[in-house]
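In: I'd like to go over a predicted model; first the sequence, then the structure.
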Amino acid sequence: MASLNKLAIRGIRSFDDKQISVIEFFTPVTVIVGPNGSGKTTVIECLKYATTGDQPPNTRGGAFVHDPKMANEKEVKAQVKLRFNAANGARMLAVRNLSVTMKKNNTMTMKTLESILALADSGAEKGGKRGVISTKCAEIDTEIPHLLGVSKAVLENVIFCHQEDSYWPLAEPSILKKKFDDIFEATRYTKALDAIKALRKDRVAELKAEKERLESLSKEKVHADKLKSRISDLTAAIASKEIEYDQTKKGYEQLVLANKKFYDYATQFRELYLKIQNMEQNRDRYKTELESAKENVREVEGTEEELQARLDTFADHIAQQKERAKQEEIKRQDYEEELAAARKAHVQLINQQGSLEAEKRAQEQRLAEREELIRDLSTKYQIKGYDYSPLEKEKAAEFTSRLSDLLRRETIDAEKIQDEVNAKNKEYQERSRQLHADLERLKQMKSSLRNQISTLQTNIARNESQLDASQTINAELRNLATDMEERKARLEKVKAEIKSSNYDERIAEKTAKIRSMEEQKDALNQDLRSLSLQADMRARLDIKRAEQKSKAAEVRNMY
Ligand SMILES: Nc1ncnc2c1ncn2[C@@H]1O[C@H](COP(=O)(O)OP(=O)(O)OP(=O)(O)O)[C@@H](O)[C@H]1O
């Protein structure tokens, strides 16, 4: 527990600057007694000044320092030196110096001179630098309350409250609230609340932006899905068209081959037909010749000798004729054979003609189907100029080439769309990867937040039980304040009686009571600090909870 050891005053109020007045504080209590105007209040003012750096009210312009006029000096140097035990047990020394200079126009100028906060017995007051904690007034002002373990507001308004300021509990509500806020350090909770509000606002704005981003991403995804399905439809359509095109091409090639075959057959048939016709004419001519030869056989005329001579040579003649007839017969047989072969060929050709006729009809059927197909395709793909019949061979070839062009263009379009889809897919994969990374990070944050929350919940449960136990502290404080007021009144009363008997006994009694009150106050301060810590932890827990909620909502929104 912090305690005061010694206070040395020089050149403050009625304490002149020629000598140092030292007040030693005893444990458990030191009572300062003296007649009016003897300097009791000045001691408290010096304690307050030493610990907080604040001079008493209405002392601007140097009224706190011993009056140079009274000292008969132009300049008075004042010093307040306080030795105290810090809450951590360290022995400390605080030295503050002031000076007041009297000007020619009888006005005074006050200056704050060097101040030191150092470890006691380190020789710092004699100019040594070892053990010096600070020489800056602002640092000293904040450091000493820390070392004493109480806030500056408590020092100012409770412990070293100036008698002129002691009516602050009766001040108007706004001032009273400010005082209580300062004493109970509620301002930093207000700041924490403001910070939480600002944080919440930022988080809400971030969430809104993220939601908008998510919405646009969802729209893009829907668009990409549509494109994907369109591409898959187009790819399927192209594949079916390619198959159709291959089939049509095959059919067309078959038709071209069949056409060529048919043309060859027709040419061959025509040649054979002409040959047969030629042979039949030859046969008819030979028949006529034979008939006429038969008709033209006539009686041979001449003399006997001539006839005998002819008879003698007749055998030769007959032989010649027979030979001739034989040759003619051979010729005839050749012709017959030729005729039979021609007939056979004729029959074959008729058969061939029949099959070619059938082939022709099949070809015509295929051509009709091709025309139908061309008409269907031209209607489907809006290719004009092919919806009449019969369709010329060149037009069919032209249509095929246009269909090929269309297919090529569709293929190029499809490839382009495929490229776009690939790019979009890549982009989406990248985004998906990023989102997964974000999700992982958020999951990690979530798990760490869960751990923190469980730790904080344990702390809260523990602190809440402590809080329940200390719920009555405020009421006790109020009671104590009332009690203190009563005791003050009684002290005043006792002051009047103090000159009478039982003086020492009463002092001892009061001292004991004051000590117990001091102890109670210390305990209450301790409780107050623990309550502050609990409130701080609660505020942090609320922030963490809000963060966890918002993160969970974000994660939920992502899916
Ligand atoms: N600047 C100053 N220079 C010299 N003396 C001063 C100065 N300011 C105040 N004093 C004197 O200091 C004394 C103030 O003493 P203080 O108020 O501390 O006494 P007190 O014991 O608290 O009196 P009370 O019992 O009436 O409250 C007065 O006598 C006053 O005249």
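Out: Done, it's in.
In: which residues of the stretch 101-250 of the chain fall in helices?
Out: 137-148, 152-154, 173-183, 187-295 (DSSP state H, counting those that start in this stretch).
In: so residue 120 is in contact with residue 91, correct?
Out: Yes: the pair residue 120 / residue 91 is scored as a contact, 4.0 Å apart, by Cβ atoms under 8 Å. (C-beta placed from N, C-alpha, C; glycine too.)
In: tell me where the chain has strands.
Out: Under the criterion DSSP state E, the chain contains strands at 3-10, 21-24, 75-85, 91-102, 108-119, 132-134.
In: do you know which of the helices of the stretch 101-250 of the chain lies nearest residue 430?
Out: helix 187-295 (12.1 Å; Cβ to Cβ).
In: and the angle from the closest one to helix 173-183?
Out: Calculated by axes from the mean of the first three to the mean of the last three Cα atoms, to 10 degrees, helix 187-295 forms an angle of 80 degrees with helix 173-183.
In: give the rounded mean pLDDT of helix 187-295.
Out: On average, the pLDDT along helix 187-295 is 91.
In: pretty sure residue 338 contacts residue 279?
Out: Yes: in this structure, residue 338 is within contact of residue 279 by Cβ under 8 Å, at 6.3 Å.
In: looking at this protein, which helix or strand is least sure?
Out: helix 473-497 (a mean of 74; mean pLDDT, DSSP states H and E).
In: please identify the deepest-packed of the helices of the stretch 101-250 of the chain.
Out: helix 152-154 (a mean of 20; mean count of other Cβ atoms under 10 Å).
In: the ligand contacts on this protein?
Out: Residues of the chain lying near the ligand by Cβ under 6 Å from any ligand atom: 13-14, 34, 36-42, 63, 66-67, 70.
In: buried subset of these as a PyMOL selection?
Out: To isolate the buried members of the residues of the chain next to the ligand in PyMOL, using 16 or more other Cβ atoms under 10 Å:
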select buried, resi 13+39+41+42+66+67
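In: rewinding a little: can you list the neighbours in contact with the least confident helix or strand of the chain?
Out: Applying Cβ atoms under 8 Å, 6 or more residues apart in numbering, the external contacts of helix 473-497 come out as 169, 506, 510, 513, 517, 520, 521, 524, 527, 528, 531.
In: and the third one, what pLDDT?
Out: Looking at residue 510, its pLDDT stands at 74.
In: and for the first one?
Out: In this prediction, residue 169 carries a pLDDT score of 90.
In: for stretch 205-223, the distance to its chain's centre please.
Out: Relative to the centre of its chain, stretch 205-223 is centred 10 Å away, using Cα atoms, centre = their mean, to the nearest Å.
In: kindly export that stretch (C-alpha atoms) in PDB.
Out: Extracted in PDB, the C-alpha atoms of stretch 205-223 (Å, rounded to 0.1, in the frame of the first residue of the first chain):
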ATOM      1  CA  ALA A 205     -19.900  -0.100 -44.100                       C
ATOM      2  CA  GLU A 206     -17.400  -2.900 -44.900                       C
ATOM      3  CA  LEU A 207     -20.200  -5.400 -44.700                       C
ATOM      4  CA  LYS A 208     -22.300  -3.400 -47.000                       C
ATOM      5  CA  ALA A 209     -19.500  -3.100 -49.500                       C
ATOM      6  CA  GLU A 210     -18.800  -6.800 -49.200                       C
ATOM      7  CA  LYS A 211     -22.500  -7.600 -49.800                       C
ATOM      8  CA  GLU A 212     -22.600  -5.400 -52.900                       C
ATOM      9  CA  ARG A 213     -19.400  -7.200 -54.100                       C
ATOM     10  CA  LEU A 214     -21.000 -10.500 -53.400                       C
ATOM     11  CA  GLU A 215     -24.200  -9.500 -55.300                       C
ATOM     12  CA  SER A 216     -22.200  -8.400 -58.300                       C
ATOM     13  CA  LEU A 217     -20.200 -11.600 -58.200                       C
ATOM     14  CA  SER A 218     -23.400 -13.700 -57.900                       C
ATOM     15  CA  LYS A 219     -24.800 -11.800 -61.000                       C
ATOM     16  CA  GLU A 220     -21.600 -12.500 -62.900                       C
ATOM     17  CA  LYS A 221     -21.700 -16.100 -61.800                       C
ATOM     18  CA  VAL A 222     -25.300 -16.400 -63.100                       C
ATOM     19  CA  HIS A 223     -24.200 -14.700 -66.300                       C
END
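In: give the contact list for the residue in the stretch 101-250 of the chain that the ligand sits nearest to.
Out: Nearest to the ligand, among the residues of the stretch 101-250 of the chain, is residue 163, at 6.7 Å (Cβ to the nearest ligand atom). By Cβ under 8 Å, 6+ apart, residue 163 lies in contact with 41, 44.
In: same thing but at 10 Å, please
Out: 40, 41, 44, 45, 56 (Cβ atoms under 10 Å, 6 or more residues apart in numbering).
In: cool, and residue 453?
Out: 446, 460, 541, 544, 545, 547, 548.
In: if you set the cut-off to 8 Å instead, what comes out?
Out: Applying Cβ under 8 Å, 6+ apart, one finds that residue 453 lies in contact with 541, 544, 545, 548.
In: what is the nearest of the residues you listed to the ligand?
Out: Checking these against the ligand with Cβ to the nearest ligand atom, the nearest one is residue 541 at 48.5 Å.
In: run a quick neighbour tally on that closest one.
Out: As a burial measure, residue 541 scores 17 neighbours (other Cβ atoms under 10 Å).
In: any idea how far the nearest residue to it once chain neighbours are set aside is from the ligand?
Out: In this structure, residue 541 finds its nearest non-sequential neighbour in residue 456, 4.5 Å apart by Cβ to Cβ, 6 or more residues apart in numbering. Using Cβ to the nearest ligand atom, to the nearest Å, residue 456 is found at 50 Å from the ligand.
In: just checking, residue 456 touches residue 539?
Out: No: with contact defined as Cβ under 8 Å, residue 456 does not reach residue 539; the gap is 11.0 Å.
In: more crowded one of these two?
Out: residue 456 (19 against 16).
In: show the contacting residues for residue 102.
Out: The contact partners of residue 102, by Cβ under 8 Å, 6+ apart, come to 68, 69, 73, 74, 75, 108.
In: that one - nearest residue in space that isn't next to it in sequence?
Out: residue 68 (4.4 Å).
In: and that neighbour, how many neighbours?
Out: For residue 68, using other Cβ under 10 Å, the count is 19.
In: and what of the one 10 residues further on?
Out: Around residue 78 sit 25 other residues, with neighbours defined as other Cβ under 10 Å.
In: for residue 8, same thing?
Out: Taking other Cβ under 10 Å as the neighbour definition, residue 8 ends up with a count of 19.
In: isn't it right next to residue 22, touching?
Out: Yes: Residue 8 is within contact range of residue 22, at 4.9 Å (criterion: Cβ under 8 Å).
In: ok now do the residue in the stretch 51-200 of the chain positioned nearest to the ligand, which residues does it touch?
Out: Closest residue of the stretch 51-200 of the chain to the ligand, Cβ to the nearest ligand atom: residue 67 (3.4 Å). By Cβ under 8 Å, 6+ apart, the contact list for residue 67 reads residue 76.
In: go with 10 Å
Out: Per Cβ under 10 Å, 6+ apart, neighbours of residue 67: 11, 13, 14, 16, 73, 76, 100, 102, 108.
In: and if you look at residue 378?
Out: 384, 385, 386, 387, 399, 402, 403.
In: and with 7 Å instead?
Out: Listed by Cβ atoms under 7 Å, 6 or more residues apart in numbering, the contact set of residue 378 reads 386, 387, 399.
In: how about those residues in TSV, adding distance to residue 95 and neighbour count?
Out: As requested, the contacts of residue 378 are arranged in TSV below (distance: Cβ to Cβ, whole Å; neighbours: other Cβ atoms under 10 Å):
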residue	distance to residue 95	neighbour count
386	113	18
387	114	12
399	112	22
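In: of the residues you listed, which is the nearest to residue 253?
Out: residue 399 (15.3 Å).
In: okay, that closest one and residue 239: tell me how far apart.
Out: 21 Å (Cβ to Cβ, to the nearest Å).
In: do the same with residue 528
Out: 82 Å.
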